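Undergrad: Just the structure for this:
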Amino acid sequence: MSVEGKRLFVGVRVSVGTANALADAVETLARRAGSAGHAVRWVPPTLYHVTLKFLGLTQPEAISALQDGLRAAVLGVAPFSFSVARLGAFPELGKARVIWAGVSSVDDALGKLARRVDDATSALGFAGAAGSAPAFVGHVTLGRLREPVAISEVLLPLMEQMFSDTKVAGISLLESVLKSGTLTYRELAHFGFSSSEIGRKRQSLPLQLGPQDAPTPASSSGQPSIPSAALDLETDDGWPRGHVP
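TA: Numbering: from 1, shown residues only. Now for the predicted structure:
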């Protein structure tokens, strides 16, 4: 088998309104973190999304079957909305490595969608939630730190902030691409809930990333923490811990 492959994940992009609201909060967090001497690599607002399933390195010949499985996974799913609110950190506030904003939906619609995706991809041989993959913890990644730090004082003023809602009408199969320090999420296919639109390609969004001083969100009481060992898999852009751009 070829060692070449694509680093893939299944996700839902946030709305423009949600992205703008999060970006405004991040500006405040970045100033506070800079004053505290914390260096954070922030995710550009155009890349904000919720990861439903991290697939990892995937051979090109497996993508067609993967698309068929994802199309089947969304059959019968009705459009819904999720709310973005509160800030937190993985694995915990005192040893933050990933900064996130929490998400929630009525009747756990987002969680149910993630489980559909997990079932479909597990049937194709990808690690499932019942196996080695971490359980779904819905969130939008805002930033990452190379070393764990305690940042509760930085996040405290904004930890309970409410942001905005995003309407979900489909899911996307996305590829993580890193070239010369530029991170791009390239959409390979979109699977709409109410149409048969499959394999539609969109323009990728190349953005130059660089280290910035900033804070890390804390674990809010309404959001579960992820085990430290799961952070190797739970990077929204598909890059393992210690190798994020």
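Undergrad: where do the helices sit along the chain?
TA: With DSSP state H, the ranges of helices along the chain come out as 16-36, 63-73, 109-122, 152-155.
Undergrad: Which residue ranges of the protein form strands?
TA: Using DSSP state E, the strands of the chain run over 6-13, 39-42, 49-58, 80-90, 96-105, 139-149, 162-168, 170-179, 182-192, 207-208, 212-213.
Undergrad: lowest-confidence stretch among the ones you listed?
TA: Set side by side, the strands of the chain differ in mean pLDDT, and strand 212-213 is lowest with a mean of 30.
Undergrad: picking that back up, with respect to residue 67, which of the strands of the chain lies nearest?
TA: strand 182-192 (5.4 Å; Cβ to Cβ). C-beta: built from backbone N, CA, C; applies to glycine.
Undergrad: Tell me which strands the closest one pairs with, and in which orientation.
TA: strand 170-179 (antiparallel), strand 207-208 (antiparallel) (DSSP bridges).
Undergrad: what's the most buried one of those strands?
TA: strand 170-179 (a mean of 20; mean count of other Cβ atoms under 10 Å).
Undergrad: sorry, back to before: export the strands of the chain to a markdown table and append columns for distance to residue 30.
TA: As requested, the strands of the chain are arranged in a markdown table below (distance: least, Cβ to Cβ, whole Å):
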| stretch | distance to residue 30 |
| --- | --- |
| strand 6-13 | 22 |
| strand 39-42 | 7 |
| strand 49-58 | 20 |
| strand 80-90 | 13 |
| strand 96-105 | 11 |
| strand 139-149 | 8 |
| strand 162-168 | 16 |
| strand 170-179 | 22 |
| strand 182-192 | 18 |
| strand 207-208 | 16 |
| strand 212-213 | 6 |
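Undergrad: sorry, back to before: got JSON lines for the strands paired with strand 182-192, with distance to residue 126 too?
TA: As requested, those are exported to JSON lines (distance: least, Cβ to Cβ, whole Å):
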{"stretch": "strand 170-179", "distance to residue 126": "12"}
{"stretch": "strand 207-208", "distance to residue 126": "27"}
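Undergrad: Which one of the helices of the chain lies nearest to residue 81?
TA: Closest of those to residue 81 is helix 109-122, at 8.3 Å (criterion: Cβ to Cβ).
Undergrad: mind exporting stretch 73-92 as CSV, just the C-alpha atoms?
TA: The C-alpha trace of stretch 73-92 is given here as CSV (Å, rounded to 0.1, in the frame of the first residue of the first chain):
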residue,chain,number,x,y,z
ALA,A,73,-25.1,8.7,6.9
VAL,A,74,-27.0,11.9,6.3
LEU,A,75,-30.1,10.3,4.7
GLY,A,76,-33.2,11.4,6.7
VAL,A,77,-31.4,14.0,8.7
ALA,A,78,-33.3,17.3,9.0
PRO,A,79,-31.5,20.7,9.1
PHE,A,80,-30.9,22.0,12.6
SER,A,81,-29.0,24.7,14.4
PHE,A,82,-26.3,24.6,17.1
SER,A,83,-25.3,27.3,19.5
VAL,A,84,-21.8,28.4,20.3
ALA,A,85,-21.2,29.5,23.9
ARG,A,86,-18.6,29.5,26.6
LEU,A,87,-14.9,28.9,26.5
GLY,A,88,-12.8,26.0,27.7
ALA,A,89,-9.5,24.1,27.3
PHE,A,90,-8.3,20.6,26.7
PRO,A,91,-7.2,18.6,28.6
GLU,A,92,-7.9,21.0,31.5
